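Engineer: Output the structure for:
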Amino acid sequence: MTDKTIAFIGTGNMSYAIIGGMIKSGFDPKSIIATNRNAEKLAKVAEQLAVNTTQDNLKAVAEADVIVLSVKPQMMEGLCQSFQQSGVDLSDKLFISVAAGITIARLREMLGQNVKMVRCMPNTPSLLGRGVSGLYGDGITEEEKHYVEQVFSSTGIALWLDAEEKINDVIAVTGSSPAYFFLFMEAIEEKAISLGFTPAQARQLVQQTALGAAEMTCDQADISISQLRANVTSKGGTTHAAVEHLKSQHLHKTVADAMDACIARALEMEKEI
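Structural biologist: Numbering: from 1, shown residues only. Here you go, the predicted model:
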């Protein structure tokens, strides 16, 4: 499918990251169409990525073989209805949705056709090429599956799921979880400032420590994360005191409950949209 044309409907930060990754991994910019209602943003995309751009979504859909729906969930129904009403034949086109809370069945209902569909849940580290994208497809060929995997592997790791409901689990595990880490870093940063470090110093100390810890999990992947934690936690020492306090505050349960809340909200959204 390397000769296929792909259109990104709604080129925000995530689509920009995906397009940039695709080009770096060898996709032809001429095979990519980017749309956005904002002419200034489109001009930036055209200048920096050299892809085709248009403010006309229907034109992009008509020309593309693969369509990435990258708009806010509350905008999806109106967008899909405009495609349905346009008269453009959608039957041979592959649709990819990166919207949370909208099932394949609901997307097909919005489009008015039983189109080939992939749901994808990427995360914000995709902007740095270190993302994770959970994928679930329905009605697609092996060739199309391979193409989609190539697209999203260009921004990090692409993982195929065996059931659509696992998309909500991916949201909790990778889609929303950068915010969990940021919150923990924010708490350390705030405490560092209260201890007398300047905001700039606190930021530098926290981000470097977080980066180092994350890289250790990659460089020492043969060692479990729990063991890596134990390796820096001498019994009776300062780290041990801090870790035991976190355990006494039920950190593991708090995190698990937070992830369950994330999944519950995703299920609520499926009923709302």
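
Engineer: any idea where the strands of the stretch 101-250 of the chain begin and end?
Structural biologist: Along the stretch 101-250 of the chain, counting by DSSP state E, counting those that start in this stretch, strands occupy 116-121, 131-138, 156-160.

Engineer: can you list the weak-confidence ranges in this protein?
Structural biologist: For the chain, applying pLDDT under 70 flags the ranges 1-2.

Engineer: redo that, cut-off 90
Structural biologist: 1-3, 13, 87-89, 91, 127, 272-273 (pLDDT under 90).

Engineer: Show me the domain layout of it.
Structural biologist: 6-162, 177-270 (automatic domain parsing).

Engineer: Pick the most deeply packed of these.
Structural biologist: Sort these by mean neighbour count, taking mean count of other C-beta atoms under 10 Å, and domain 6-162 sits at the top with a mean of 18. For glycine as for every other residue, the C-beta is placed from the backbone atoms N, C-alpha and C.

Engineer: Show the end-to-end separation of it, please.
Structural biologist: 25 Å (C-alpha to C-alpha, to the nearest Å).

Engineer: so I157 touches L135, yeah?
Structural biologist: No - assessed by C-beta atoms under 8 Å, I157 is found out of contact with L135, at 10.5 Å.

Engineer: about what we covered before: I'd like to know which of the domains of the chain lies nearest to V170.
Structural biologist: domain 6-162 (3.2 Å; C-beta to C-beta).

Engineer: Just give the nearest non-adjacent residue to A34, would you?
Structural biologist: The shortest distance from A34 to any non-neighbouring residue, by C-beta to C-beta, 6 or more residues apart in numbering, is to T11 (4.2 Å).

Engineer: nearest spatial neighbour of the residue nearest the centre of the chain, skipping sequence neighbours?
Structural biologist: Centroid-nearest residue in the chain: P122, 1.7 Å away (criterion: C-alpha atoms, centre = their mean). In space, and not counting its chain neighbours, P122 is closest to S133: 4.4 Å by C-beta to C-beta, 6+ apart.

Engineer: Beta-bridge partners for that neighbour, please?
Structural biologist: A158 (DSSP bridges).

Engineer: ok, now how distant is it from A158?
Structural biologist: 5 Å (C-beta to C-beta, to the nearest Å).
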